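Colleague: Pasted the sequence and its predicted model underneath.
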Amino acid sequence: MVAVPESTRVRGFSGRDAPSFDLIRKCVHCGFCLPSCPTYRITWRERSSPRGRIWLMKSVAEGRLDLLDPVFAEEMQLCLNCRACEAVCPSGVHYGQILETSRAQLVQHRPQSLRERLYRMLGFRILLGDMHRFRTANKLLRWYQRSPLRTLVRRSGILRVLGLEHAEAMLPTIPARFVVPDGRFFPAENERRGRVALFTGCVMSTAYAHVHEATIRVLTRNGFDVVLVSGQQCCGALHVHSGELEQGRELARRNIEALESPYLDAVIVNAAGCGAMLKEYPQLLQLDHSYSERARAFAVKVRDVLEFLVERGLTAQPGALPWSVTYQEPCHLAHAQRITQQPRVLLRAIPQLRIVEMAESALCCGSAGIYNLLQPDMASALLERKLDNALATGAEVIVSANPGCMLQLEAGLRARGLRVPVLHLIEVLDRAYTAATVPAARALPVAAE
Amino acid sequence: MDRAALRTRLSEIVGPDGLLDDPDELLVYEYDASDEVFAGYHRPDFTVLPQTAEQVSAVVRLANEVGLPVIPRGAGTGLAGGALALRGGILIVLTRMNRILEVNERDGYAIVEPGVINLELSTALQPRGYFFAPDPASQRACTVGGNVGNNSGGPHCLKYGVTTNHILGLEVVLPDGERIWTGGPVPETPGVDLTGVLVGSEGTLGIVTKVMVRLTRLPEAVSVLLAAFPDIETASHATSAIIAAGILPAALEMMDHLTIKAVEDAFHAGYPREAGAVLLVELDGLQEIVADNTQRVAELCRQHSAWEVRVARTKEERDLLWLGRKSAFGAMGRLAPNYYLVDTTVPRTKLPATMRRVEELSREYRLPIANVFHAGDGNLHPLVLFDRHRPGEVERVLECTTEILRYCVDVGGTLSGEHGIGFEKRDYMTLVFTTEDLCAMAGLKRSFDPRELFNPEKVLPTGFRCGEVAVLRQQALAQRFGLEYV
Ligand SMILES: Cc1cc2nc3c(=O)[nH]c(=O)nc-3n(C[C@H](O)[C@H](O)[C@H](O)COP(=O)(O)OP(=O)(O)OC[C@H]3O[C@@H](n4cnc5c(N)ncnc54)[C@H](O)[C@@H]3O)c2cc1C
Ligand code: SF4
Ligand code: SF4
């Protein structure tokens, strides 16, 4: 036998968080998932399809492809983790799980550039690792956005040098008031039906604080006490999607500690990405014996707010809104949590609201967490396609249910010079409630700056 | 021409973005939907993604010049290795050619490119009140070009016929790179029916670059009915009774217990888990007749021991019931890591006996077998479940499936081939066809593709390569006249 020199030996998966071969092997390569995959629909290349990616993983697991092969790394990154493939897979392949562990392998074994390490440290550990720090940074950002410094920085060209031009343009406008989990309690109006905690998250608590406020109003109107339980952290989805599983686990443990309570009927989430993550804590912590059981008990209480409202039924009657709207499905609501009917049920509950379905509503808008920063070309191809589909409906308002999608759509509309408002579905419902008593609330909303 | 020069030439034709030649990115073209245990791994030398018929024709000419095989591929959902590069060569993937070019309602046809996805064609035609009738279970993914290649069928073929009944004409790139049109909007064209020859030829005679499909009117009313039976036997009797009553359903599908379990786990379609078998019956046509026939079918099912009959009321309910059926093969991944699909047709009256034999064989070979089939036309799909990593299983699977096929042929059945014969099922051809039949097919192949560069090693069994045809013909003649062939 000829000895294989070290440098040409094929590296397979090894060490912590290796993708399970049994899960990979569940794929019978039937190809059903192909047309649902956004990156396949743009490229029509098998390597950029779910079936192709799973085959690449399988080849690495079987020692036929090197873990550090550029094709493998590129495809693991080009994937949006939108999980449209998972939702249609008859064979029950847990795609999200094998993708996240494949990425974890790359984080472990691939040499990272200094810049990448720096960004990962800054983003995941410093900013998202602690919500106090995150909110302080958001305050700074607000100050920056309102000061002459912004114009100066934009003109100086420094953003281009740092490769942050695109990221800076994507930033949402930070409002003055945040919704901070400080133990505050909002009592139910009307007949009391239960008590829930609101999961506050990261950008939802700052840039989208108004969505939280709307959520609290809708829940209390429908008979639920809402508590802003303190000690909650970021959900960890961005970490887990980027292969930083350990950091995700740390955050998961702290969230479970903060939010597990026999006095809560549900933990309510209004960001699809966070909801999907919280519901998957049991899988994330399955090997952590002191937390696995607690994670299971916690996860059964997690509900997306739209899911919860339909499950428990609306007791307050919404007023009429004479708008036409189109609904954009967030991937992590439609595919990861399989919540597709409930948003439509709620929209239909609003008198006079006209719903115009767009083509390809469930095809990712390209936001996908921080994907739009890492893969700007694919992200903008998908964004343009989404905007074309949404605008073709002629709807006056675009409705979604996830901050990432809303940011992405708003940035896209801004770039096209269009002022079509993008609202979270719960905001629409909240407006309908206001409209029941205040006719002025029936006016069309204005687009965010 | 060396590889680098060939690479440059190909890139000039399809553009750098349309060419894949890194061995690692070609890795994902070494499979289609067939099981790799039987089909193996076959990597092409190049993959091209052309966008026009001119590009296809230029690639074919170049392949001819350098003597490389050419293999057309659609979505790669074929179950018999038809789209695999058995001898390497250039894989021509047609998925980027996916436009609907013309819809002509007056003359009842549409012209589409081969990469259009089957279901998306029907969805696009729906607002005008039409659909494309062939509906393989893989319709959400497979391409019209692949349907033509395999002459695909589906549940609705019982009433509407298979792909060939819905193709009016084709634009094809022949093995010499020449581009021709066959057929046309009028049903009868003089001369040899080349369209008929090409449909079902699995890419061995030419590459389809445009398809003229027939438009079928959407029915006025549709109803879907699910009946649960204690076992396959009673469900088969009900099937015969429905047909004997003179009712022609649009589809009449059967699933056995194992399949029901798998699809329920996958999609919660609402099939009764305890049932030994279910029938899924779709009736379509005029409102009154559909309502009437639904009643009659329900009654017939009950008479034949159905303990539950359910009628889907809304479109959502209908879609859910169909989703279960259409995902059945894919859902097998939940029962076992591998499955082998047998695709055969028996006379409808022989269904119960055949199923008993399948059950016997399942016990004898200690292999679970799930059954999903087009009961209406006796087209069976036993799925033999196994795990390739368990020693000896693969061999047992091969023996078992051959036994199943042999039995089907003995009771007057045949290979159906709706999923393709490809590479992986070609040796079964000798079970069904005589040497003369096969020689005739090989002769046709030779006249189209004398250099044997078009999808080589497919459809015809080993030993029926062109060069050997003359010898085989002699043998066949000798055999027929009782002579000894030397
Ligand atoms: C879960 C599952 C269920 C299925 N159910 C059915 C079913 O109910 N009925 C059925 O009939 N099939 C079924 N199939 C098989 C398969 O999906 C169909 O035969 C389908 O038509 C193949 O289309 P494709 O685009 O994937 O073609 P491919 O698999 O890519 O190719 C199929 C064959 O056609 C040739 N070909 C492709 N495009 C062209 C072209 N443009 N010109 C010339 N030749 C071409 C290829 O060379 C190959 O030989 C199923 C498959 C799966 C995985
Ligand atoms: S649908 Fe599932 S089994 Fe089929 S190819 Fe995709 S991931 Fe694999
Ligand atoms: S997660 Fe989305 S982008 Fe990734 S393979 Fe699946 S469908 Fe494609």
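Modeller: Here it is on my side, so go on. Residues are numbered from 1 along each chain as shown, chains lettered A, B, ... in the order given. Ligands and ions are numbered 1, 2, ... in the order given.
Colleague: Can you give me the neighbour number for the residue in the stretch 251-400 of chain B that ligand 3 sits nearest to?
Modeller: Proximity of the stretch 251-400 of chain B to ligand 3 (CB to the nearest ligand atom) peaks at residue B:330, 15.2 Å away. Quick note: C-beta positions are derived from backbone N, CA and C, even for glycine. Around residue B:330 there are 29 other residues, counting by other CB atoms under 10 Å in any protein chain shown.
Colleague: for residue A:389, same thing?
Modeller: Residue A:389 has 18 neighbours, counted by other CB under 10 Å.
Colleague: cool, residue A:313 as well?
Modeller: Neighbours of residue A:313 using other CB under 10 Å come to 10.
Colleague: Tell me the spacing between it and chain B.
Modeller: Noted for residue A:313: a distance of 21 Å to chain B, by CB to the nearest CB, to the nearest Å.
Colleague: for the closest residue in space to residue B:32 that isn't next to it in sequence, phi and psi?
Modeller: Using CB to CB, 6 or more residues apart in numbering or on different chains and skipping the chain neighbours, the partner closest in space to residue B:32 is residue B:76 (4.2 Å). When quoted as degrees, to the nearest 10, the phi and psi of residue B:76 stand at phi 70, psi 40.
Colleague: I'd say residue B:76 and residue A:46 touch.
Modeller: Yes. The criterion here is CB atoms under 8 Å, and residue B:76 meets it with residue A:46 at 7.1 Å.
Colleague: For the two, list the residues in contact with both.
Modeller: residue B:29 (CB atoms under 8 Å, 6 or more residues apart in numbering or on different chains).
Colleague: packing partners for the helix or strand containing the residue of the stretch 251-400 of chain B closest to ligand 3?
Modeller: Assigned by DSSP states H and E, residue B:330 belongs to helix B:328-331. In terms of contacts (3 or more CB pairs under 8 Å, 6 or more residues apart in numbering or on different chains; DSSP states H and E), helix B:328-331 is packed against helix B:257-267, strand B:369-374.
Colleague: swap the cut-off to 10 Å and go again
Modeller: If you count contacts as 3 or more CB pairs under 10 Å, 6 or more residues apart in numbering or on different chains; DSSP states H and E, helix B:328-331 packs onto helix B:257-267, strand B:338-341, strand B:369-374, strand B:379-386.
Colleague: so what's residue 287 up against?
Modeller: Since no chain was named, I'll use chain A. For residue A:287, the contacting residues are A:16-17, A:249, by CB atoms under 10 Å, 6 or more residues apart in numbering or on different chains.
Colleague: ah, no, chain B please
Modeller: B:219-221, B:223.
Colleague: Swap in 8 Å and give it another go.
Modeller: Counting by CB under 8 Å, 6+ apart, residue B:287 has contacts B:220-221.
Colleague: and the gap between it and residue B:395?
Modeller: Going from residue B:287 to residue B:395 by CB to CB, to the nearest Å gives 55 Å.
Colleague: Over to residue B:408?
Modeller: Distance from residue B:408 to residue B:395, by CB to CB: 21 Å.
Colleague: who's more crowded, these two?
Modeller: residue B:408 (27 against 10).
Colleague: Leaving out sequence neighbours, find the closest residue to the more buried one.
Modeller: residue B:344 (4.4 Å).
Colleague: Specify the beta-bridge partners of the one you found.
Modeller: residue B:380, residue B:415 (DSSP bridges).
Colleague: re the thing from before, wait, which of the helices and strands packed on helix B:328-331 is closest to residue A:433?
Modeller: Nearest to residue A:433, of all the helices and strands packed on helix B:328-331, is helix B:257-267, at 35.8 Å by CB to CB.
Colleague: quick one: the helix or strand just after that closest one near ligand 1?
Modeller: Using DSSP H and E, the helix or strand that directly follows helix B:257-267 along the chain is strand B:277-285. No. Judged by CB under 6 Å from any ligand atom, strand B:277-285 and ligand 1 are separated, with a smallest distance of 13.2 Å.
Colleague: and the next helix or strand after strand B:277-285, how far from the chain's centre?
Modeller: Once strand B:277-285 ends, the next helix or strand along the chain (criterion: DSSP H and E) is helix B:287-303. In terms of CA atoms, centre = their mean, to the nearest Å, the centre of helix B:287-303 is set 31 Å apart from its chain centre.
Colleague: Quick one: list the elements packing against the next helix or strand after helix B:287-303.
Modeller: Moving toward the C-terminus from helix B:287-303, the next helix or strand (DSSP H and E) is strand B:308-312. When contacts are defined as 3+ CB pairs under 8 Å, 6+ apart, strand B:308-312 packs onto strand B:221-229, helix B:287-303, helix B:315-326.
Colleague: Show me what counts as buried in the shortest one.
Modeller: Just to be clear, that refers to strand B:221-229. B:223-229 (16 or more other CB atoms under 10 Å in any protein chain shown).
Colleague: residues contacting the residue of the stretch 201-350 of chain A found nearest ligand 2?
Modeller: Nearest to ligand 2, among the residues of the stretch 201-350 of chain A, is residue A:335, at 12.8 Å (CB to the nearest ligand atom). Residues near residue A:335 by CB under 8 Å, 6+ apart: A:82-84, A:86-87, A:362.
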